[in-house]
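*Asks:* What follows is a protein structure lacking sequence information:
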């Protein structure tokens, strides 16, 4: 043992004297990093490799124990050995210095865009969509992918529960045709079971697909299935690295998350929600013997958004977001909302009918009043004509009477005045 340690020292000293860069491997010891406990002390850089198995899934990890004269990360980093060599995946980014964009992109659902100020999400943001089974998470994700592809943006869809053909077929039921987008190279699917690899292999595969396809939009459906392949801390670390990688490239990301049973927020949702820029919740409302879907925006960083609960409808014509009825008994959805709407329409119709009847009554009274006024006006005009006729008769009689009196006076010469006769002087111009 002493001779071996001395020879190792001499070997390391000789390598340094020759200026040779040497990579020396050693087996792990029980009490020391190496079997003899010497190599880590005489080496300038020591890298520790570890191989762990968790839940029947193996993961390789790497840690830089020391590196003389240089700064280095002291955390443990997973690494992979693939067909392109060794890939080391840092757990966290070096800094939060991602570029941001003020551009907004539509979701493919107009009413959802309206809830987000009418313009959709910010480009390059991370979006979390949570809900119980059957609430329509994949449908919203498919609409988001179709809207992006129609804008000419490449979209990469990671699915961990359904095959690409199954997703394409199921979207036919709501009128979505994704095959043309796939054929044009604008939409690409990548499907794999979460148990196929460990988290690190999945992450490396996703990085590889993203680097090859260069998408503007990435969808992960669902992220919870992938996180279940490891511990809670490993899952959050994986999501953190993925989000940082996508934000570094200004790639908009949508993650769906499966909620179990009740409406309480799950631990996995709470763990990754702080990493997300926007959070949309889908829930089931049960009542009146039926189950209905509702949607609301829990948070949307940097933008005004609605705080109202909206009913989420899925039909053969697609999806729609409608206003839920808020009454004294709470939120009404489905047939209860339709029944309440019918009652309100009936009340409005009754009010309109009552108003129309009152209008007809007023018009009838107005017509009767007009007729009465017309009759009074006719009587007035008749009496006015009669009054003018009488006035004319009185005037005529007065004129006739005056004329007769004047004529009678002439006959009696009552009004003739005798002119005085001048005597002794003849009138001028006259001869006797």
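*Replies:* Cool, got the structure. Everything numeric in this text was worked out from a predicted model, so none of it was measured.

*Asks:* Quick one, grab the pLDDT at the residue lying closest to residue 45 once chain neighbours are set aside.
*Replies:* Leaving aside its sequence neighbours, residue 45 sits nearest to residue 67 (C-beta to C-beta, 6 or more residues apart in numbering; 4.6 Å). Yep, even glycine has a C-beta here, placed from its N, CA and C like the rest. With respect to pLDDT, residue 67 has a value of 90.

*Asks:* try residue 384
*Replies:* The per-residue pLDDT reported for residue 384 equals 88.

*Asks:* Counting by contacts, list what the helix or strand hosting it packs against.
*Replies:* Using DSSP states H and E, residue 384 sits within helix 334-411. Contact partners of helix 334-411 among helices and strands, from 3 or more C-beta pairs under 8 Å, 6 or more residues apart in numbering; DSSP states H and E: strand 278-287, strand 290-300, strand 325-327.

*Asks:* try 10 Å this time
*Replies:* strand 278-287, strand 290-300, strand 310-315, strand 318-323, strand 325-327, strand 330-332 (3 or more C-beta pairs under 10 Å, 6 or more residues apart in numbering; DSSP states H and E).

*Asks:* okay if I get these as JSON lines plus distance to residue 33 and mean pLDDT?
*Replies:* Formatted as JSON lines, these follow (distance: least, C-beta to C-beta, whole Å; pLDDT from 0 to 100):
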{"stretch": "strand 278-287", "distance to residue 33": "44", "mean pLDDT": "84"}
{"stretch": "strand 290-300", "distance to residue 33": "46", "mean pLDDT": "86"}
{"stretch": "strand 310-315", "distance to residue 33": "57", "mean pLDDT": "86"}
{"stretch": "strand 318-323", "distance to residue 33": "58", "mean pLDDT": "83"}
{"stretch": "strand 325-327", "distance to residue 33": "65", "mean pLDDT": "64"}
{"stretch": "strand 330-332", "distance to residue 33": "62", "mean pLDDT": "62"}
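
*Asks:* For these, could you give me JSON lines that also reports distance to residue 25?
*Replies:* Output for those, formatted as JSON lines (distance: least, C-beta to C-beta, whole Å):
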{"stretch": "strand 278-287", "distance to residue 25": "47"}
{"stretch": "strand 290-300", "distance to residue 25": "50"}
{"stretch": "strand 310-315", "distance to residue 25": "58"}
{"stretch": "strand 318-323", "distance to residue 25": "58"}
{"stretch": "strand 325-327", "distance to residue 25": "69"}
{"stretch": "strand 330-332", "distance to residue 25": "65"}
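
*Asks:* Residue 239 contacts residue 222, correct?
*Replies:* No: in this structure residue 239 lies outside contact range of residue 222 using C-beta atoms under 10 Å: 11.9 Å.

*Asks:* list the residues that contact both of those two?
*Replies:* By C-beta atoms under 10 Å, 6 or more residues apart in numbering, residue 239 and residue 222 have these common neighbours: residue 255.

*Asks:* tell me the contacts of the spatially closest residue to residue 49 that is not a sequence neighbour?
*Replies:* Spatial nearest neighbour of residue 49, excluding adjacent residues (C-beta to C-beta, 6+ apart): residue 62 at 5.8 Å. Counting by C-beta under 10 Å, 6+ apart, residue 62 makes contact with 47-50, 73, 75-79, 86, 88-89.

*Asks:* Mind doing that once more with 6 Å?
*Replies:* 49, 77, 79 (C-beta atoms under 6 Å, 6 or more residues apart in numbering).

*Asks:* next helix or strand past the one helix or strand it maps to?
*Replies:* Assigned by DSSP H and E, residue 62 belongs to strand 57-67. Later in the chain than strand 57-67, the nearest helix or strand by DSSP H and E is strand 76-82.

*Asks:* The very next helix or strand once past that following strand: partners in the sheet, and parallel or antiparallel?
*Replies:* Following strand 76-82 in sequence order, the next helix or strand is strand 85-88 (DSSP H and E). Paired neighbours of strand 85-88 in the sheet (DSSP bridges): strand 76-82 (antiparallel).

*Asks:* Could you pull out the buried residues of the partner strand?
*Replies:* Residues 78-80 are the ones in strand 76-82 that count as buried (16 or more other C-beta atoms under 10 Å).

*Asks:* again with stretch 150-160
*Replies:* Of the residues in stretch 150-160, those buried (16+ other C-beta under 10 Å) are 153-160.

*Asks:* Reformat the buried residues of strand 76-82 as JSON lines; add distance to residue 307 and pLDDT.
*Replies:* Converted to JSON lines, the buried residues of strand 76-82 look like this (distance: C-beta to C-beta, whole Å; pLDDT from 0 to 100):
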{"residue": "78", "distance to residue 307": "40", "pLDDT": "77"}
{"residue": "79", "distance to residue 307": "45", "pLDDT": "80"}
{"residue": "80", "distance to residue 307": "44", "pLDDT": "77"}
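
*Asks:* model confidence over stretch 174-189, on average?
*Replies:* pLDDT averaged over stretch 174-189 gives 94.

*Asks:* returning to what we had before: and the residue nearest to residue 45, how far from residue 86?
*Replies:* 18 Å (C-beta to C-beta, to the nearest Å).

*Asks:* These two: which has the busier surroundings?
*Replies:* residue 67 (15 against 10; other C-beta atoms under 10 Å).

*Asks:* wait, isn't that one in contact with residue 47?
*Replies:* No: assessed by C-beta atoms under 6 Å, residue 67 is found out of contact with residue 47, at 8.7 Å.

*Asks:* Tell me who's in contact with residue 109.
*Replies:* Counting by C-beta under 6 Å, 6+ apart, residue 109 has contacts residue 143.

*Asks:* at 10 Å what do you get?
*Replies:* 115, 120, 139-140, 143-144, 147, 295, 312, 318-321.

*Asks:* With respect to residue 354, which of those is nearest?
*Replies:* Nearest to residue 354 among the contacts of residue 109, counting by C-beta to C-beta, is residue 320 at 33.4 Å.

*Asks:* Provide a list of residues in contact with that closest one.
*Replies:* Applying C-beta under 10 Å, 6+ apart, the residues contacting residue 320 are 109-112, 310-314.

*Asks:* Select only the buried ones of the residues you listed in ChimeraX?
*Replies:* Of the contacts of residue 320, the buried ones go into a single ChimeraX selection, burial set by 16+ other C-beta under 10 Å:
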select :109,111,112,310,311,312,313,314
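
*Asks:* Give the residue spans of the chain that score low on pLDDT.
*Replies:* 1, 31-32, 35-39, 55-57, 89-95, 230, 261-271, 287-288, 324-342, 412-432 (pLDDT under 70).

*Asks:* neighbours around residue 50, how many?
*Replies:* 12.

*Asks:* any idea which element it lies in?
*Replies:* strand 45-54.
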